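Colleague: Mind folding the following:
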Amino acid sequence: MQLLVGALAVAGALAVAGALAVVGALALVTGHELPVPPPVPEPSDGTGADELRTEPTEGVPPSAPVGRAPADVVDIGGRWRVAAPSPLRASGWSAIAWTGEELLVLGGRDGHPRLAAEAAAYDPQDDRWRGLPRWPLEQRRGAAVVWTGEVLVVWGGRLDEGEAGDGARYDPARDRWETVRDGPLPPLRSPVAVGDADRVAVTGATSDGALVAAVYEPARDRWRALPDAPDPGGEGYASVDARWVDGRLVVWGLADREPFVAELPIEDTAEDSTEDTAQGDTAESDTAEGDTAEGDTAGRASPAWSPLPLPPLPHLTSAKAAVTDHGLVLWDSRANPPGLRLDGNGWTPLAVGQVPGGRRTAVTWAADTLALIGGQRGTRGLLVGDGEPVLRLPRGADRRGARTVSTGDRIFVYGGDDGLGSTTQLEFWESDARLGPRASN
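Modeller: Model (predicted):
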């Protein structure tokens, strides 16, 4: 991001033209260029258990003006492109992930309120789609989906007759789906899956309001049970969301209708897996030996849930979340300040000033930068860095409910509602300046 800001400062008033000229000379030209529409005015949006409940961070009232002036918004170049038409029939409730070479797109509503069991992969270098095998699960909606770096894991979701408690994983290297071994979790309402290359944490609320979690190890097709969160009483937990932050499962939502934030440390068992593999233990042999669904937990101390401070956001359960190298960031365009970072001192406001109006979808972009993509017609995307000028993208991809993922030099936007109805269109913004590592929504 520093590179872009520096380049803009040198280029001065010719920043946009210079950026577009550089991009036009690149060999990274894929898809079909999106025509630039006439200017559209920017819309405005107006400005746990008892043990897990805490008071909001002190000293940061929601109404306090924080950060920079609106003048610190700089238009940048790059271009939006429209990809070749998607072979999929539906887009609502779809899930996407970037593998480093392809964009995986899973399911979507196919005319019914459930996730279609079809998938496809898009190669931006060749502007070409390929169909993937149908996944071996019943059609559902609201499934938890996470990319580990090697496989795409899908778990849970809602069936026509209730919640599901099964899952599957897709390996792009083998172009093959496999069912996930049964684990210790019951069916969950709106489950969430997060994790890294070795571990996937799945969490959510049960039908009776309990907050449960478990860890799945894709390399061994093995589950490990985690302790349940303390019982809040009353109506229990609801509207749960979570992110993986430095080996911790950070969860937030409602506990008996009151907001809560909590964390649960996740033990790293990579050394155990490496040792087992070196001795010839494989996922198939491990399963065949009858390893329990809870996994090998003998001799290990159980992790404990800990409360975290509440962020001063009026709508915690609808805030967008992203994880940067500096930790978890929550973003609510209706709040002031709109962005907060969780650190050792609680929740610290991002120094981004007054961001141009319009609701957006937040995705992680780079080590310390967020990409905020337009969520309503006429709303331009932004690149936001803590203490840096806001960089405004060219117009494009302003769709509600779209799925987004960034790769470092591209931002993909798939599906959503373009104002005329549901669409399976894929667009992506690309730039010659690489801003950071791969990240997703």
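Colleague: all helices for the stretch 251-400 of the chain, in order.
Modeller: Listed from the start of the chain, the stretch 251-400 of the chain has helices (DSSP state H, counting those that start in this stretch) covering 270-278, 283-288.
Colleague: Can you give me every residue that contacts D398?
Modeller: Under the criterion of CB atoms under 8 Å, 6 or more residues apart in numbering, the contact partners of D398 comprise 374-380. Every C-beta, even on glycine, is put in place using the N, C-alpha and C of the backbone.
Colleague: got those residues as TSV, with pLDDT and neighbour count columns?
Modeller: Converted to TSV, these look like this (pLDDT from 0 to 100; neighbours: other CB atoms under 10 Å):
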residue	pLDDT	neighbour count
G374	75	25
G375	75	23
Q376	73	16
R377	73	14
G378	74	15
T379	82	25
R380	86	21
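Colleague: Please convert these to CSV, extending it with distance to L393.
Modeller: Putting the contacts of D398 into CSV (distance: CB to CB, whole Å) gives the following:
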residue, distance to L393
G374, 9
G375, 13
Q376, 15
R377, 15
G378, 13
T379, 10
R380, 6
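Colleague: Which of those sits closest to E263?
Modeller: Taking CB to CB as the measure, G375 is the one of these closest to E263, at 28.4 Å.
Colleague: In space, what's closest to that closest one - neighbours in sequence excluded?
Modeller: Of all residues beyond its chain neighbours, the one nearest G375 is R359 (4.6 Å), with distances taken as CB to CB, 6 or more residues apart in numbering.
Colleague: try L342
Modeller: Spatially, and ignoring its direct neighbours in sequence, L342 is nearest to L328 (4.4 Å; CB to CB, 6+ apart).
Colleague: what do you get for A143?
Modeller: Beyond its immediate neighbours in the sequence, the residue positioned closest to A143 (CB to CB, 6+ apart) is G157, lying 3.4 Å away.
Colleague: give the contact list for that neighbour.
Modeller: Contacts were defined as CB under 8 Å, 6+ apart; by that measure G157 touches 115, 140-144, 163-164, 191.
Colleague: Quick check: the residue nearest to G375 touching S333?
Modeller: Yes. R359 is in contact with S333 according to CB atoms under 8 Å; the separation is 5.3 Å.
Colleague: Compare these two and say which one has the larger neighbour count.
Modeller: In this comparison of R359 against S333, neighbours counted by other CB atoms under 10 Å, the higher total goes to S333 at 22 against 17.
Colleague: Roughly how far does the more buried one sit from S94?
Modeller: From S333 across to S94, the span is 23 Å (CB to CB, to the nearest Å).
Colleague: now do D123
Modeller: 18 Å.
Colleague: R403 now?
Modeller: Distance of R403 to S94, computed by CB to CB: 6 Å.
Colleague: Please enumerate the shared neighbours of the two.
Modeller: With contacts defined as CB under 8 Å, 6+ apart, the residues shared by R403 and S94 are 105, 414-415.
Colleague: Near V73, how many other residues are there?
Modeller: 18.
Colleague: hmm, back to that, now the contacts of G157 as JSON lines including pLDDT and distance to V251?
Modeller: As requested, the contacts of G157 are exported to JSON lines (pLDDT from 0 to 100; distance: CB to CB, whole Å):
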{"residue": "L115", "pLDDT": "53", "distance to V251": "23"}
{"residue": "R140", "pLDDT": "81", "distance to V251": "22"}
{"residue": "R141", "pLDDT": "80", "distance to V251": "22"}
{"residue": "G142", "pLDDT": "84", "distance to V251": "17"}
{"residue": "A143", "pLDDT": "89", "distance to V251": "18"}
{"residue": "A144", "pLDDT": "93", "distance to V251": "13"}
{"residue": "E163", "pLDDT": "93", "distance to V251": "18"}
{"residue": "A164", "pLDDT": "93", "distance to V251": "21"}
{"residue": "P191", "pLDDT": "96", "distance to V251": "12"}
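Colleague: returning to what we had before: any idea which of the contacts of D398 is closest to P314?
Modeller: G375 (18.0 Å).
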